[in-house]
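**Q** my questions concern the predicted model and sequence given below.
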Amino acid sequence: MSTSATEQFDAIIIGSGQGGKPLCLSLANAGWKTAILERQFVGGTCINYGCTPTKTMVASARVAYLARRGADYGVQDGAVRVDLAKVRKRKRSIVESFRSGSQKKLESTPSVTLLFGEGRFTGPKTIEIALNDGGTRRLTAERIFINTGGRPAVPPLPGLDTVPALDSTSIMELDEVPRHLLVLGGGYIGLEFAQMFRRFGSDVTIVQRGPQLLAREDADVADEVNKVLRQDGIEVLLQTDAVRVAKEGGDIRLTVRTGSGERTLTGSHLLVAAGRVPNTDRLDLKAAGVETNEGGYVRVNDRLETNVPGVYALGDVKGGPAFTHISYDDFRILETNLLKKGSESTKGRMVPYTVFIDPQLGHIGLHEEEARQQGRKVRVAKMPMTWVARALETDESRGLVKATVDADSGEILGCTVLGLEGGEVMTMVQIAMMGKLPYTALRDATFSHPGLGEGLNTLFMYME
């Protein structure tokens, strides 16, 4: 379909991710005539390429891990074999269920026009969309919202364009377990896939440029993560630069440089997990006058407004923190300010996150090093998970718990839980922080026994 006339809307949303989709529904239910543009699949990164598919596969990997450990619990077990094609089928089924449900909700909502295609600005308030089924449409609105997310970055590694490298999307489409997976990058994504495929049965090597895994974490936490992965049989190479890569027969040969010189790693598959870049390069933002930073992310203020009045950005496309729950909170800020005459902003909001390695790493608030760099006077509480009865009873006691507390007020500034259900335990601390409770409230609380939460009693008994 092609139209020569420009179609008028109250709002245009480019991208149907975890911020764009609920914003579209909220505006439409408030009576706004709303168009939402999607290049491929409704749901954005989270449903299609991120949280939903990866955590579905993480669950399968955990089952394989526990099955192999049956003897540790006195359960006699046989050989464990992973059928990756069935793992993929399960993943696809759940993704399709979430995706189709989201699409149906948009399509059934009055005042919503869902268009599939590639949108670009032709002016500050006008969008042209090249439709996937052919033709173009031109749209205009007083308010436009950019929710186009990001995609895996491609590092400038010599030879990378000559090998069948995987990224965080394509690796989930494999139908056979790799013999030896080389992972380029020691961040959240790289570690989740590294441990997952080790549990599926692959040999795994992680190549990390920096001195530690998970560069944003405190060094003691990163060291413990390193210990966990090595216990799982993963080779971890720190302070190691990738120099070049080539395909030789059926193998991939990755040359790296360490402090002791160059060496060549040989693997069957290569996963490139070297960060992400924003999907702004095809939006023609210059036509609208919308400013971006050096990395291509859309510049916004704390109310998610760009430099162009009436144009907003939400989710990963505006830069970090790149988490689904932050994208959804962006939606809530815009909904409150546009529909409820509020004055919400991103200032001071909490940014919890969980890395779904096993044991999980959950974090909220300031890291110890961050707090010290800010000049705060702090006290630190730290303990191993071996001090938690529930962890010992389930024979899953790897990891540690660490909290940073203001030395004067007793306010909890931050907490990291690397342990069984670490993300859930972290959330307990977050709720205490939201209520501005001192650490003593958790130290002296009566929690159900035997539970993971009661470990917080013990943690806050041991303050430096």
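**A** Alright, I've got the coordinates. Note that the structure is predicted; figures quoted are calculated from it, not measured.
**Q** okay, now the domains of the protein?
**A** 6-61+83-152+277-339, 160-273, 359-459 (automatic domain parsing).
**Q** would you format those as TSV with distance to residue 67 included?
**A** C-beta: built from backbone N, CA, C; applies to glycine. Converted to TSV, the domains of the chain look like this (distance: least, CB to CB, whole Å):
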stretch	distance to residue 67
domain 6-61+83-152+277-339	11
domain 160-273	10
domain 359-459	14
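**Q** pretty sure residue 206 sits against residue 230.
**A** No. Under the contact definition of CB atoms under 8 Å, residue 206 does not touch residue 230, with a separation of 10.0 Å.
**Q** overlap of the contact sets of these two?
**A** Shared contacts of residue 206 and residue 230 (CB atoms under 8 Å, 6 or more residues apart in numbering): residue 236.
**Q** and these two? Which one has more around it.
**A** Set residue 206 next to residue 230 and count neighbours by other CB atoms under 10 Å: residue 206 wins out with 27 against 11.
**Q** partners of the more buried one in the sheet?
**A** residue 183, residue 236 (DSSP bridges).
**Q** show me what contacts it?
**A** With CB under 8 Å, 6+ apart, residue 206 has these contacts: 183, 185, 186, 190, 191, 194, 213, 229, 234, 235, 236, 237.
**Q** what's the answer for residue 340, then?
**A** Applying CB under 8 Å, 6+ apart, no residues qualify as near residue 340.
**Q** same thing but at 10 Å, please
**A** Contacts for residue 340 (CB atoms under 10 Å, 6 or more residues apart in numbering) come out as residue 30.
**Q** and the gap between it and residue 112?
**A** 20 Å (CB to CB, to the nearest Å).
**Q** tell me the most packed of the contacts of residue 206, by neighbour count.
**A** residue 183 (30 neighbours).
**Q** my read is that that one contacts residue 207, right?
**A** Yes. Between residue 183 and residue 207 there is a contact under CB atoms under 10 Å: 6.8 Å.
**Q** and for these two, which residues touch both?
**A** Joint contacts of residue 183 and residue 207 (CB under 10 Å, 6+ apart) are 190, 235, 236, 237, 270, 273.
**Q** closest to residue 153 out of those residues?
**A** For these, the residue nearest residue 153 by CB to CB is residue 273; the value is 9.2 Å.
**Q** for that closest one, give me the pLDDT.
**A** We have a pLDDT of 97 for residue 273.
**Q** I figured it hits residue 186, correct?
**A** Yes. Residue 273 sits in contact with residue 186 when judged by CB under 10 Å, with a separation of 8.3 Å.
**Q** now do the shared contacts for the two.
**A** Joint contacts of residue 273 and residue 186 (CB under 10 Å, 6+ apart) are 194, 206, 207.
**Q** turn these into TSV, including pLDDT.
**A** Putting the shared contacts of residue 273 and residue 186 into TSV (pLDDT from 0 to 100) gives the following:
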residue	pLDDT
194	98
206	98
207	98
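**Q** can I get those residues in CSV with distance to residue 219?
**A** Putting those into CSV (distance: CB to CB, whole Å) gives the following:
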residue, distance to residue 219
194, 20
206, 17
207, 19
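**Q** now do the phi/psi pair for the nearest residue to residue 172 once chain neighbours are set aside.
**A** Of all residues not flanking residue 172 in the chain, residue 53 sits nearest, at 5.4 Å (CB to CB, 6 or more residues apart in numbering). Torsion angles at residue 53 (phi, psi; degrees, to the nearest 10) stand at phi -70, psi -40.
**Q** give me the number of residues near residue 53?
**A** Residues near residue 53, counting by other CB under 10 Å: 23.
**Q** parallel or antiparallel, list what pairs with the one helix or strand residue 242 maps to.
**A** Using DSSP states H and E, residue 242 falls within strand 241-248. Applying DSSP bridges, strand 241-248 is found paired with strand 251-258 (antiparallel).
**Q** so for the partner strand, mean pLDDT?
**A** Throughout strand 251-258, pLDDT has a mean value of 97.
**Q** same check on stretch 49-65?
**A** For stretch 49-65, the per-residue pLDDT averages 97.
**Q** would you mark the buried spots in it?
**A** 49-54, 56-58, 60-61, 64-65 (16 or more other CB atoms under 10 Å).
**Q** one more: stretch 231-248?
**A** 232, 234, 235, 236, 237, 238, 240, 242, 245.
**Q** for this protein, which spans come out with low pLDDT?
**A** Scanning the chain for pLDDT under 70 picks out 1-4.
**Q** quick one, helices of it?
**A** According to DSSP state H, the chain carries its helices in the segments 20-29, 44-48, 51-68, 84-107, 188-200, 219-231, 285-288, 324-339, 368-373, 389-393, 422-434, 439-443, 455-459.
**Q** in a markdown table, list those helices along with distance to residue 159.
**A** A markdown table is the format used below for these (distance: least, CB to CB, whole Å):
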| stretch | distance to residue 159 |
| --- | --- |
| helix 20-29 | 37 |
| helix 44-48 | 28 |
| helix 51-68 | 27 |
| helix 84-107 | 27 |
| helix 188-200 | 19 |
| helix 219-231 | 27 |
| helix 285-288 | 33 |
| helix 324-339 | 34 |
| helix 368-373 | 36 |
| helix 389-393 | 44 |
| helix 422-434 | 38 |
| helix 439-443 | 52 |
| helix 455-459 | 48 |
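**Q** ok, which of these comes nearest residue 155?
**A** That would be helix 188-200 among the helices of the chain, by CB to CB, at 12.4 Å.
**Q** show me how far that closest one is from its chain's centre.
**A** Distance of helix 188-200 from the chain centroid (CA atoms, centre = their mean, to the nearest Å) equals 14 Å.
**Q** stretch 38-52 now?
**A** So, by CA atoms, centre = their mean, the centroid of stretch 38-52 is 12 Å from its chain's centroid.
**Q** the helices of the chain: which one's closest to residue 163?
**A** Using CB to CB, the nearest of the helices of the chain to residue 163 is helix 188-200, at 17.3 Å.
**Q** can you tell me how far residue 348 is from residue 434?
**A** In terms of CB to CB, residue 348 sits 11 Å off from residue 434.
**Q** so these two - more neighbours on which side?
**A** residue 434 (10 against 6).
**Q** nearest spatial neighbour of the more buried one, skipping sequence neighbours?
**A** Residue 434 sits nearest to residue 350 (CB to CB, 6+ apart), 7.1 Å away.
**Q** who touches residue 262 in this structure?
**A** Per CB under 10 Å, 6+ apart, neighbours of residue 262: 241, 243, 244, 255, 256.
**Q** for the third one, give its distance to residue 255.
**A** Applying CB to CB, the value for residue 244 to residue 255 is 5 Å.
**Q** shared neighbours, these two?
**A** Common neighbours of residue 244 and residue 255 (CB under 10 Å, 6+ apart) are 157, 158, 159, 262, 264.
**Q** so the residue nearest to the third one when sequence neighbours are not counted bridges to which residues?
**A** Of all residues not flanking residue 159 in the chain, residue 245 sits nearest, at 4.4 Å (CB to CB, 6+ apart). Bridge pairing for residue 245 (DSSP bridges) gives the partners residue 254.
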